[in-house]
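S.K.: Compute the structure for the input listed below.
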Amino acid sequence: MNRFYKDVSTGPAIEGGYVVLLDGRPVRTPQKALMAAPTETLIKRIADEWASQGETIQAQTMPLTQLLTTAIDRIHMRAEITQEVLKYLNGDLLCYRAGDPEALAAEQDRLWNPPLRWFEETYGVNLETTFALSRLDQPDAAHVATARAIAGMDAHEFTVFQMVVSLTGSVVLALALTQGTINPEDALNATLCEELFYERTLDLTRHGLDPIEEKRRTSLSRDLDAAQAYLKSTRTSH
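M.R.: The predicted model follows:
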């Protein structure tokens, strides 16, 4: 989409919250709802995304805008999305381990055991792990505890949570990031544990990453950083 505006500003919304104004007109979501942010901090960051666009608007460079519009437009789908997200628990990345080589198993222990321990300490349920490829069925108590945690999230926390689950393949990592237990770098390293291990041990980066893989990682890193920034901005007024 070509840039269709010159001036970017912010202001309070009549219905509450804060909006981005493009040439004096408030931005609306793809579903035509008013794109109102709960804090001035968040709307200023989103306004910076709009202001930094060149002649062509690049949606992938506006992750905070995308998160806010998702939070607004998909709020009516929360029950359905919750059911889909809960399915990830039985296939959680952190619960499927490599028995060989031993060095990879040790790396998985180093990166994955701390968030699993945090989950157990926080929710009182120990998730099962396996070396097999067949799917685990985690304890019912784990599903109940996770569903309860999700129910307690506001729309913005839920939007970040469900995005991080899809990015990482891990409900545990998504809960930990949403609650501030881990940072985006921790989540990135855990998600790419196996890839990074083989790159180090086989010196696969000597000639540089495959362009497609490099683009994927850049996007993953950007989105995880945006997830943290979005949460912090929804919790900070100024």
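
S.K.: Quick check: pLDDT value at residue 94.
M.R.: As predicted, residue 94 sits at a pLDDT of 98.

S.K.: now swap in residue 209 and tell me
M.R.: We have a pLDDT of 72 for residue 209.

S.K.: With residue 86 instead?
M.R.: Reading off the model, residue 86 has pLDDT 96.

S.K.: Report the contact partners of it.
M.R.: Taking Cβ atoms under 8 Å, 6 or more residues apart in numbering, we find residue 86 in contact with 143, 146, 147, 150, 171. In short, each C-beta sits where N, CA and C put it, glycine included.

S.K.: Then it would be within a helix, right?
M.R.: Yes: counting by DSSP: H, G, I helix; E, B strand; the rest coil, residue 86 is part of a helix.

S.K.: Run through the helices of the protein in chain order.
M.R.: 40-51, 63-73, 78-86, 102-123, 140-151, 155-168, 171-178, 184-191, 193-202, 211-234 (DSSP state H).

S.K.: Check which residues of the first one are buried.
M.R.: Yep, that's helix 40-51 we're talking about. For helix 40-51, the neighbour count (16 or more other Cβ atoms under 10 Å) marks 40, 41, 42, 43, 45, 46, 47, 49, 50 as buried.

S.K.: So which residues lie in contact with it, not counting its own?
M.R.: Taking Cβ under 8 Å, 6+ apart as the rule, helix 40-51 contacts 5, 8-10, 17-20, 22, 27, 35, 37, 61-65, 68, 229-230, 233-234, 236-238.

S.K.: Can I get the buried part of these as one ChimeraX selection?
M.R.: The following ChimeraX line selects those of the contacts of helix 40-51 that are buried, judged by 16+ other Cβ under 10 Å:
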select :5,8,10,17,18,19,20,22,27,35,37,62,63,64,65,68,229,230,233,234
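
S.K.: What ranges in the protein fall below the confidence cut-off?
M.R.: 205, 207, 237-238 (pLDDT under 70).

S.K.: Any idea which residue is closest to the centre of it?
M.R.: By Cα atoms, centre = their mean, the mean C-alpha position of the chain lies nearest to residue 164, the distance being 2.8 Å.

S.K.: That one contacts residue 173, correct?
M.R.: Yes: the pair residue 164 / residue 173 is scored as a contact, 6.6 Å apart, by Cβ atoms under 8 Å.

S.K.: Pop the domain breakdown of the protein in here.
M.R.: Using automatic domain parsing, the domain parsing of the chain gives 8-62, 76-234.

S.K.: Quick one: these as JSON lines, columns for distance to residue 1 too.
M.R.: What follows is the domains of the chain, written out as JSON lines (distance: least, Cβ to Cβ, whole Å):
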{"stretch": "domain 8-62", "distance to residue 1": "5"}
{"stretch": "domain 76-234", "distance to residue 1": "19"}
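
S.K.: No further questions, thank you.
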